[in-house]
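Trainee: Build me a structure from this.
(2 chains)
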Amino acid sequence: MNAKMTENNDKLRIESLSKTYGNVVALKPTSLNVSPGEFITLLGPSGSGKTTLLLMLAGLVAPDSGRIWIDGSDSTTTPVFKRGIGMVFQNYALFPHLTVFENIAFPLRMRRMSEAEIRLGVERVLSVVHLSHAADRLPRQLSGGQQQRVALARCAVYEPSVILMDEPLGALDKKLRDSMQIEIKRLHTELGTTILYVTHDQEEAMAMSDRICLMRESAIEQIGTPDDLYFRPRSVFAADFLGGANILPGRVRAANAGRLVVEIAGGVAVGAADIGNVQPGEMVDVMVRPEHFTLGAGDGDGNRIEVIVDQPMVVGPVTRYYCRLPSGEPIVALALTTGPRRLAPGARITLTWSSERTTVITRRREVLS
Amino acid sequence: MSTGTRSQLSILSRSWGILPAVFLLLAVLVLPTVRLLGSSFTDASGAVSLEHYARLFSTTLYLNVLANTFTMSFWTTVVCLLAGYPVAYFLATSKAGLRQILIIGVLVPFWTSVLIRSFAWIIILGRRGVLNQGLEAMGLNGIDIIYSFWSVLIGLTQAMLPMAILTMLAVMQQIDRNLQNAAATLGARGSHVFWRVYFPLSLPGVSAAGLLVFVSSLGFFITPVLLGSPKETMIAQLIVVQIDEMLNWGFAGAIAVLLLGASLVVFYLFDLIVGIGSLAGERRELPPRAGWFWTGVGKSGQKLTAAASWACAFVAEALERIGLLKADLAPTQTSRGTKFFAMAVIFLIAAPTLVLVPISFSGGASFDWPPRGFSLQWYESLFDSPLWKEAILRSVWVGLWTALLTTVIGTPAAFALSRQHIPGKKLVLAALLIPMVMPHIIVALALFYVFSQIGLVGTSLGLVLGHSIFALPYAVVTMMAVLRNYDQRLDHAAWTLGASPIKTFYRVTLPIVKAGVVTAFLFSFVKSFDELTVALFISGGITTTLPKQMWSESLLNISPVLAAASTLVLAGVSILILGASLFGRRKSATN
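Mentor: A predicted model of the protein is given here:
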């Protein structure tokens, strides 16, 4: 559009945004860029600063420092109602005194649209969320999933440039959550909006996001695609937060030709992909996902360890084997549940896995972008 | 529930807790009221006759007084809602710490008798009172408003404001703060956030407060007697005159019927337009097959609300745009003007009564401001007089027994009402709350009528029974509020751990709800200690209570003795209410 836009086509850009309540740091100076149409998730445990960041973007909380750009224009001090940002609240925040139709019409009325435009707009989004039949009902006459869809529709109806979602599926049960995830993804593609999504559920984040921004202790821990975070976590915290992780402390024995050799407990040498910037002799952690183990001796070139099975546990399609190394460290391995027979406690087995599925995590905390 | 007898038995075993309360209500409220109303339809010989009603409508005198009562109540309601709403809003939206401090300024006056607060207004509004001296000190002309419509309105408004605020606050605290944030993110500026989202949601509280204030005002007599002239006579005063001076039961009963009828008409109209359920915080739900007329009334009510909210929103928006209202506030922020106004109203509710304290230490012999010199003579004469001493002891004695009785009866009732599904639960709850909204004078008159026939007038027992009826709703409501937060799974856990139901009650339930029981006891005591209307009729001769003694004295001679007595009551009530709220807070903090 204008020169400014071509120069910088981030949908949303925040720079050194920070917030302190009394002597509690809610968010350390944080920067983040979001591209148009991106679905980005702020993932983290409670108190990690993700909701504070979201509220500052919405304009509901004023930052102590830093700037916010929306569509290339500085919006740091723009009042909430002029930001044109959509927000879906955790408990939906539907107006209990207004019908579904009037709830959805609310943002359009605030924008002084004509009655005909309002009717058209509301009917369109109602059909998108399959609730055309419920237009005249009050929010409390709807189920949780329906209320959720109204909240989405109310947000989508005025086509805001960015939609913020604060744990929107937190109150729903597992089944409904799964179908709503698909619904939100569908809306995202159909409407082509940019979505900033807050959750503490790693599966939800993995399933829906283009990028995940993992937060910890009021700062960004790591930011990247779900694959980045899952396969190349840069900290033990990140490895642990997204899925199961076996963390084995060790020392780098050799680093050459894009390959690392790390010696773990019991003198076992483990091959891993080089992550760069690691020196021989350095103490590191080796991370292996439980599902990357193969039970029993596999191909000759992979890594292998001997373990003792403590307790097999069938959790449905997969069986989780709680094991330990001879030196005592616990190891969890995951295998498909192929039949009713499984390894008995006390059995000694060999676990093998490829060095490509071995991630080395340095213990140096570096500044992450 | 396999057989009918078993389910009947289980209903009985679950609902026995409300039986004592129901019995008390029937014996001390319903039966006497029915008998009194019956007496209004009989003549002196006991034959059925309409002579009292004929007299009532024979001149325009009584209807004029009724009209006057309605006018006064109407304006009291209007001012209470307009002044009380910002206070309730401010309290509902301020931080918990600040709210707990400010609400004391509303709660202590709520529990302090209107009698004492009217004395304070005499000092402030008098011709040479605090107000006029202040005006003159600023070089302005004094105003002569004591013993006029304005002084009665001021007294009534200040008396009713705490109740109006607390009722609206209860509803506002239920409003989800996120709704305002949501409205703002959807593009609503401050004016629209308030008028189109917050205000409609707070309306049930406003209408409930309006109804309570209006109906309570209808039965007032203390304020118009002390602060008004004959022109401001209200209908309850006529009842007092009929009994005090003529002992004409039938005619007093007929006036009571007029008052009761007026109250019922107001209730009926309220239910028609707003729905009585909103008193208990419920939202109006039109029955699915309501006739076209009711649907129409309900719908047009909604339309009217929507239109009014819409209009207000645009006026406010215009003010915002020309800079008279701040537009850049966060959606849940309260403007400085609202804060200032709310603080000023709380000051006007809480502070005026305090003028009685310096007067009580006055060296002079009148209610003049400022007090002349310092002396303890009024306290001395208070404690030297056997009449006053007797009255104080009587009030404490009656208060303790009333508190004991209502706690013993109210606790099981609250348990049954808040935890069990029992038939007619809503009806029982409504009946229990009647004494809160029914004009006290009617109940007092009815009790006098019945008690005089069985020799309970002039006895402490009569006073305790009468006071219990008024204290019971407060005790039950307080207890139910505590029990609502009580997790019944704790009982279930205790049972599975081997405790019998009785042991569970003593070892688990009671320790947790103790705060509620103690608070209910304190509130009941204060209610009885402060009570005048019932005492006015029931306490005869030597068995006078402190408020009754103050009332009698004030009709004879307004002297600083009254200020001394008021100061004592004020200090006592403040300590008990502060104690109750501190006790409740400490308890909830440890939970």
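Trainee: hey, where'd the helices end up in the stretch 151-300 of chain A?
Mentor: A:174-191, A:202-208, A:226-231, A:236-241 (DSSP state H, counting those that start in this stretch).
Trainee: Dump those to a markdown table, plus distance to A:Met110.
Mentor: Yep, even glycine has a C-beta here, placed from its N, CA and C like the rest. Output for the helices of the stretch 151-300 of chain A, formatted as a markdown table (distance: least, Cβ to Cβ, whole Å):
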| stretch | distance to A:Met110 |
| --- | --- |
| helix A:174-191 | 19 |
| helix A:202-208 | 29 |
| helix A:226-231 | 36 |
| helix A:236-241 | 39 |
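Trainee: I'd like those written out as a markdown table, with mean neighbour count, distance to B:Ser418 and mean pLDDT added.
Mentor: Formatted as a markdown table, the helices of the stretch 151-300 of chain A follow (neighbours: other Cβ atoms under 10 Å in any protein chain shown; distance: least, Cβ to Cβ, whole Å; pLDDT from 0 to 100):
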| stretch | mean neighbour count | distance to B:Ser418 | mean pLDDT |
| --- | --- | --- | --- |
| helix A:174-191 | 15 | 32 | 86 |
| helix A:202-208 | 19 | 38 | 92 |
| helix A:226-231 | 18 | 49 | 93 |
| helix A:236-241 | 20 | 43 | 92 |
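Trainee: Among those helices, which comes closest to chain B?
Mentor: Checking these against chain B by Cβ to the nearest Cβ gives helix A:174-191 as the closest, at 16.3 Å.
Trainee: Please name the nearest non-neighbouring residue to the spatially most central residue of chain B.
Mentor: For chain B, B:Met163 is the residue whose C-alpha lies nearest the centre (Cα atoms, centre = their mean; 5.3 Å). Leaving aside its chain neighbours, B:Met163 sits nearest to B:Leu212 (5.9 Å; criterion: Cβ to Cβ, 6 or more residues apart in numbering or on different chains).
Trainee: That neighbour reaches B:Ala164, doesn't it?
Mentor: Yes - contact criterion Cβ atoms under 8 Å: B:Leu212 and B:Ala164 qualify, at 7.4 Å.
Trainee: who's more crowded, the two?
Mentor: Ranked by neighbour count (other Cβ atoms under 10 Å in any protein chain shown), B:Leu212 and B:Ala164 place B:Ala164 first, with 30 against 20.
Trainee: residues contacting the more buried one?
Mentor: Going by Cβ atoms under 8 Å, 6 or more residues apart in numbering or on different chains, B:Ala164 touches B:80-81, B:84, B:88, B:209-210, B:212-213.
Trainee: And for B:Val315?
Mentor: By Cβ under 8 Å, 6+ apart, the neighbours of B:Val315 are B:Ser191.
Trainee: For it, give me the pLDDT.
Mentor: pLDDT for B:Val315: 79.
Trainee: again, but for the one 5 residues further on
Mentor: On the pLDDT scale, B:Glu320 is placed at 76.
Trainee: what does B:Leu382 give?
Mentor: Predicted confidence (pLDDT) for B:Leu382: 87.
Trainee: Surely it forms part of a helix?
Mentor: Yes - assessed with DSSP: H, G, I helix; E, B strand; the rest coil, B:Leu382 lies in a helix.
Trainee: and it, how many neighbours does it have?
Mentor: Neighbours around B:Leu382, by other Cβ under 10 Å: 22.
Trainee: do the same with the one 5 residues further on
Mentor: By other Cβ under 10 Å, 13 other residues sit near B:Leu387.
Trainee: same question, A:Gln279
Mentor: Around A:Gln279 there are 9 other residues, counting by other Cβ under 10 Å.
Trainee: where's it relative to A:Asp285, distance?
Mentor: According to Cβ to Cβ, to the nearest Å, A:Gln279 and A:Asp285 sit 15 Å apart.
Trainee: nearest residue to B:His52 other than its sequence neighbours?
Mentor: B:His52 sits nearest to B:Ala254 (Cβ to Cβ, 6+ apart), 3.7 Å away.
Trainee: Is the one you found part of a helix or strand, or is it coil?
Mentor: Per three-state DSSP, B:Ala254 ends up helix.
Trainee: need the contact list for B:Ala159.
Mentor: B:Ala159 neighbours (Cβ under 8 Å, 6+ apart): B:114, B:117-118, B:220, B:223.
Trainee: In CSV, list the C-alpha atoms belonging to the helix or strand harbouring A:Leu57.
Mentor: A:Leu57 belongs to helix A:50-58 when assigned by DSSP states H and E. Taking Å, rounded to 0.1, in the frame of the first residue of the first chain, the C-alpha atoms of helix A:50-58 are listed here in CSV:
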residue,chain,number,x,y,z
LYS,A,50,2.1,-14.8,27.9
THR,A,51,-1.2,-13.2,29.0
THR,A,52,0.5,-10.0,30.0
LEU,A,53,2.0,-9.8,26.5
LEU,A,54,-1.4,-10.4,25.0
LEU,A,55,-3.2,-7.8,27.2
MET,A,56,-0.6,-5.2,26.2
LEU,A,57,-1.1,-5.9,22.5
ALA,A,58,-4.9,-5.5,23.0
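Trainee: Tell me the strands beside the next helix or strand after that helix, with direction?
Mentor: The C-terminal neighbour of helix A:50-58 among helices and strands, as given by DSSP H and E, is strand A:65-70. When pairing is defined by DSSP bridges, strand A:65-70 lines up against strand A:12-21 (antiparallel), strand A:73-74 (antiparallel).
Trainee: Can I get the helices of the stretch 151-300 of chain A in a markdown table including distance to chain B?
Mentor: Shown next, in a markdown table, are these (distance: least, Cβ to the nearest Cβ, whole Å):
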| stretch | distance to chain B |
| --- | --- |
| helix A:174-191 | 16 |
| helix A:202-208 | 21 |
| helix A:226-231 | 28 |
| helix A:236-241 | 27 |
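Trainee: returning to what we had before: what helices or strands is the helix or strand harbouring the residue nearest to B:Met163 leaning on?
Mentor: Per DSSP H and E: B:Leu212 is located in helix B:199-218. Here helix B:199-218 touches helix B:61-93, helix B:149-172, helix B:249-273, helix B:292-321, helix B:425-437, going by 3 or more Cβ pairs under 8 Å, 6 or more residues apart in numbering or on different chains; DSSP states H and E.
Trainee: now stretch A:302-310, how far from the centre of its chain.
Mentor: Averaging C-alpha positions (Cα atoms, centre = their mean, to the nearest Å) puts stretch A:302-310 31 Å from its chain's average.
Trainee: swap in stretch B:400-417?
Mentor: On the basis of Cα atoms, centre = their mean, stretch B:400-417 sits 19 Å off its chain's mean C-alpha point.
Trainee: Show me what it is in contact with.
Mentor: For stretch B:400-417, contacts defined as Cβ under 8 Å, 6+ apart pick out B:14-18, B:20-21, B:24, B:422, B:425, B:428-429, B:432, B:460, B:463-464, B:467-468, B:471-472, B:475-476, B:479-480, B:483, B:516-517, B:520-522, B:524-525, B:527-528.
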